[in-house]
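In: Could you look at this predicted model? Sequence included:
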Amino acid sequence: MEFRHKWLMFFSLVIILGMVLASCALRAQEVVKTVIVTEVIEVVGGTVVEVRVITATPAPKMDEKEEVTTGPIPANGLIPCQPLPEAAVTDLEQGDLGNASDPTIVLNVPERTFVTNAELQQGGSVYRVGVFEDVATLNFWGANGPNNTISNSYMLPQRLALYSLSDKYFTFIPEIAMDLPKSLSPEGDFFEVKIPIREDVVWSDGEPLTAEDIAFTANAVLDLGLISGNFESWYDANYLDHIEAVDEYTVKIYYHTNPGLAHHEYGTLQAPILAKHYWAPIVAEALAPIEALGEHPSQEELLTAQTDAHYILFSHQVEGEPTAGGFTLTKWEKGAFLESVKNPDYLNTGLIVQQWAIGAYKDSAGIEAGPAPEGDVETEYTVGPHVDSVVYTIYGSQDAAILAMQKGEIEYVLNSLGLHRRLSDKVKGDPNLTIIENPTNSIRYLSFNNRRRPMNDCAFRQAVAVLIDKEFVIEKVLQGNAFPLYTFIPESNKAWYFDDVPKLGKGFAREERVNLAVEILEQAGFYWENDRKPAYSPDNLRVEGAGRLMMPDGIPVPPLKLLAPSSDYDPLRSTFAFWIESWLDEMGIPVMTELAGIKVLTPLIFTEHDFDMYILGWSLDIFPEHLWLYFAEEQAVTNGNNAGGYINPKFESLSSQILTCDNVIKCRDIADQSQIMLSTESPYVMLYSTEIIEAFRSDSLEFPFVEALGGIQYYHLDGNIQPSVKIK
């Protein structure tokens, strides 16, 4: 089969135009057919960019079948890894890629799409925030279940919990609990712990927050069978049996299965608490279909009743719900704005917080947590609220929100993806604005469909990993706007980062990558049609001569489909996709890249499993439960997290222990060993992680800190940082 000539592709106009046209909206996108590009050519001593018009091979539409001689070949289980060649693993340190120039093409900024309601021009200080998506509902149950969105977490009022993680360094600290928790004790059929809570916490309607509220919330989730959205991670029925109010200000937690850190400290103990006196009648109404079943209903009957119960609960129109966080919701004009006013009875008002870079925590209430303090205090601030209200105004685009911020209409733009670099470059000269860049706890990766051949063969996955030159794409093509990634926990998550994993191909030149990939494949029995093995030509600076790659049983590798987000959503991932296509094509592996919007890709990947490879990303929690979650056998189902269908009993036995390990030392060892196995077997090829760029009006706004994992946006989730913001 004749393969496309190696044209190291799709940088200049693809990336620049992709960044220029990028939008925060997640919308369906037709597959890219034809693109005009420039060519990046490797030469001795560096690279040159030669401007030349070429047309990309059109990709088939997502709803059309590609005409090929053979379609996907089903796999019968995974083929295990061979011992890696000695040259496969390097200990080279990642180089500092530095910062390259930003794109120079800038769109005209559109006019602001919404004018603030005159009623918002009230007395007192207002923290004004621009957002791009409205909340889905004011109903907390629905907002964290089937209508779960990041905007809900940004804008809905803060909910208190027994414990929380400190801002910035994620130290485990009490919130309404009196002190750090005691260890779980086995008693009869349960693992139990008693936790006393503060007696000075009140709801916004003046009612006291008691142990009854905590027990009610947890037991309602369990009785209703809520598992969608966030509920299973908060109150997981696989571990939690029930919570009891021992007295007015003491709760007792009962687990039927030892939960470990993942489901105790990082689950139940940090789960939100709702007001029983408001929600009890609504929950009782919702439970009616389940209670009407009587004893021993069938599974089908129970599921039907639970569906009816959830509908009743999620359909409730919230009005006057009491909350106990720093702010209380007062007004929602759908599609326009949401306003919350400060809670004068907030439990942390006036609290002085001190933190050290090693994670030590101390506050003026006498709470000390984390390691012993060493050296100078790194961060110190006083909790408010310092403003009278927070107003979230919805804008149609990031350009419109940035223009509003430049005009002084808002102080901050809240976006989980951060600011596009072209816009940050545009506002850098504004003396009233400050640009901040922070690392993210996120990964971008290439995944394989292990249900199909040859993706089920470890050697094939390893060879692909070797051929992907992350450093070249990031440094030469993406202008240093990312960081090459080899570990399954980013370095930014310092508490759990582990560097000593196999880094396939790291530091290798192109010829070395080709030779190593050939060695890995041949060792596993792959060969090339007519013995035309690929070879790197130092004279022509490209790989030449490859015939079709043949699998060990003599069947040609079929045409493979690589899915990735469209360039208007994420030009970085779309760029990586085309380079991967090029590198595999020249090795005799036919690959066709198909770009589409996230809403098109999600069902293809997670529901239909209709792909050979795909590129997506995850935002991660601090605790590394994802090392099990994304590769677990129980998640290799329709709409599960293990879309690639990687099932390895040995890995399952190891990684599942992250769910039950009960101290940091044990959990860290499990996480480290899991990463070694994942980096070797390569169900994902880690590609890169990014920084998040944000801007705010530093002439009028003061944050308690600006250097933080995930950026300032991360600390707006669940209302954490809003009480500490100041307006100058």
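Out: That came through, no problem. Residues are numbered from 1 along each chain as shown.

In: Next up, the contacts around the closest residue to Lys728 other than its chain neighbours.
Out: Counting by Cβ to Cβ, 6 or more residues apart in numbering, Lys728 lies nearest to Ser700, which is 5.3 Å off, once chain neighbours are set aside. The way it works is simple: take the backbone N, C-alpha and C, and place the C-beta from them, glycine included. Neighbouring residues of Ser700 by Cβ atoms under 8 Å, 6 or more residues apart in numbering: Gly408, Glu411, Asn432, Ile727, Lys728.

In: Against Asn144, how distant is the most centrally placed residue in the chain?
Out: By Cα atoms, centre = their mean, the chain has its centre lying nearest to Ser619, at 1.3 Å. Ser619 sits 16 Å away from Asn144, going by Cβ to Cβ, to the nearest Å.

In: Low-confidence stretches in the stretch 1-150 of the chain?
Out: 1-70, 89-123 (pLDDT under 70).

In: now the spatially closest residue to Tyr163 that is not a sequence neighbour: how far from Leu616?
Out: Of all residues not flanking Tyr163 in the chain, Leu269 sits nearest, at 4.5 Å (Cβ to Cβ, 6+ apart). Distance of Leu269 to Leu616, given as Cβ to Cβ: 31 Å.

In: can you check Ser689 too?
Out: With distances taken as Cβ to Cβ, Ser689 is found 14 Å from Leu616.

In: hey, what's in contact with both of those two?
Out: The contact sets of Ser689 and Leu616 overlap at Arg444 (Cβ under 8 Å, 6+ apart).

In: Quick check on Glu333: phi, psi?
Out: Note on Glu333: backbone dihedrals following degrees, to the nearest 10 are phi -110, psi 100.

In: Write down the beta-bridge partners of it, one by one.
Out: Per DSSP bridges, the residues bridged to Glu333 are Phe337.

In: confidence score at it?
Out: Note on Glu333: pLDDT of 95.

In: how many neighbours does it have?
Out: Residue crowding around Glu333 was assessed by other Cβ atoms under 10 Å; the count is 15.

In: Show me the strands in the stretch 501-650 of the chain, by range?
Out: 527-528, 535-537, 542-544, 549-550, 560-565, 591-596, 613-619 (DSSP state E, counting those that start in this stretch).

In: could I get these as a markdown table with distance to Leu351?
Out: Output for these, formatted as a markdown table (distance: least, Cβ to Cβ, whole Å):
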| stretch | distance to Leu351 |
| --- | --- |
| strand 527-528 | 67 |
| strand 535-537 | 62 |
| strand 542-544 | 62 |
| strand 549-550 | 63 |
| strand 560-565 | 42 |
| strand 591-596 | 48 |
| strand 613-619 | 29 |
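
In: Can you add distance to Lys331 and mean pLDDT and give these back as TSV?
Out: Shown next, in TSV, are the strands of the stretch 501-650 of the chain (distance: least, Cβ to Cβ, whole Å; pLDDT from 0 to 100):
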stretch	distance to Lys331	mean pLDDT
strand 527-528	67	96
strand 535-537	65	91
strand 542-544	62	88
strand 549-550	62	97
strand 560-565	36	96
strand 591-596	38	95
strand 613-619	30	93
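
In: Select, out of these, the one closest to Phe231.
Out: strand 613-619 (18.9 Å; Cβ to Cβ).

In: got the contact list for that closest one?
Out: Outside strand 613-619, the residues touching it (Cβ under 8 Å, 6+ apart) are 416, 440-449, 455, 464, 560-565, 573, 576-577, 580, 591, 601, 605, 626, 630, 643, 687.

In: circling back: can you flag the buried ones in the contacts of Ser700?
Out: Glu411, Ile727 (16 or more other Cβ atoms under 10 Å).

In: which pair in the contacts of Ser700 spans the largest distance?
Out: So for the contacts of Ser700, where distance means Cβ to Cβ, the most widely separated pair is Asn432 and Ile727, at 13.8 Å.

In: Neighbours of Leu467, how many?
Out: 25.

In: Verify the stated contact: it with Met587.
Out: Yes. Assessed by Cβ atoms under 8 Å, Leu467 is found in contact with Met587 at 6.7 Å.

In: Now the common contact residues for these two.
Out: Common neighbours of Leu467 and Met587 (Cβ under 8 Å, 6+ apart) are Val514, Ala517.

In: Output the one helix or strand Lys666 maps to as CSV - backbone C-alpha positions only.
Out: Assessed by DSSP states H and E, Lys666 sits inside helix 664-681. Extracted C-alpha coordinates of helix 664-681, given in CSV (Å, rounded to 0.1, in the frame of the first residue of the first chain):
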residue,chain,number,x,y,z
VAL,A,664,-0.3,7.9,52.9
ILE,A,665,2.8,5.7,52.9
LYS,A,666,0.9,2.7,51.7
CYS,A,667,-1.2,4.6,49.2
ARG,A,668,1.9,6.3,47.7
ASP,A,669,3.7,3.0,47.2
ILE,A,670,0.6,1.6,45.4
ALA,A,671,0.4,4.7,43.3
ASP,A,672,4.1,4.5,42.4
GLN,A,673,3.9,0.8,41.4
SER,A,674,0.7,1.4,39.4
GLN,A,675,2.4,4.1,37.4
ILE,A,676,5.4,1.9,36.6
MET,A,677,3.1,-0.8,35.2
LEU,A,678,1.0,1.7,33.3
SER,A,679,4.1,3.4,31.8
THR,A,680,5.4,0.0,30.7
GLU,A,681,2.1,-1.4,29.3
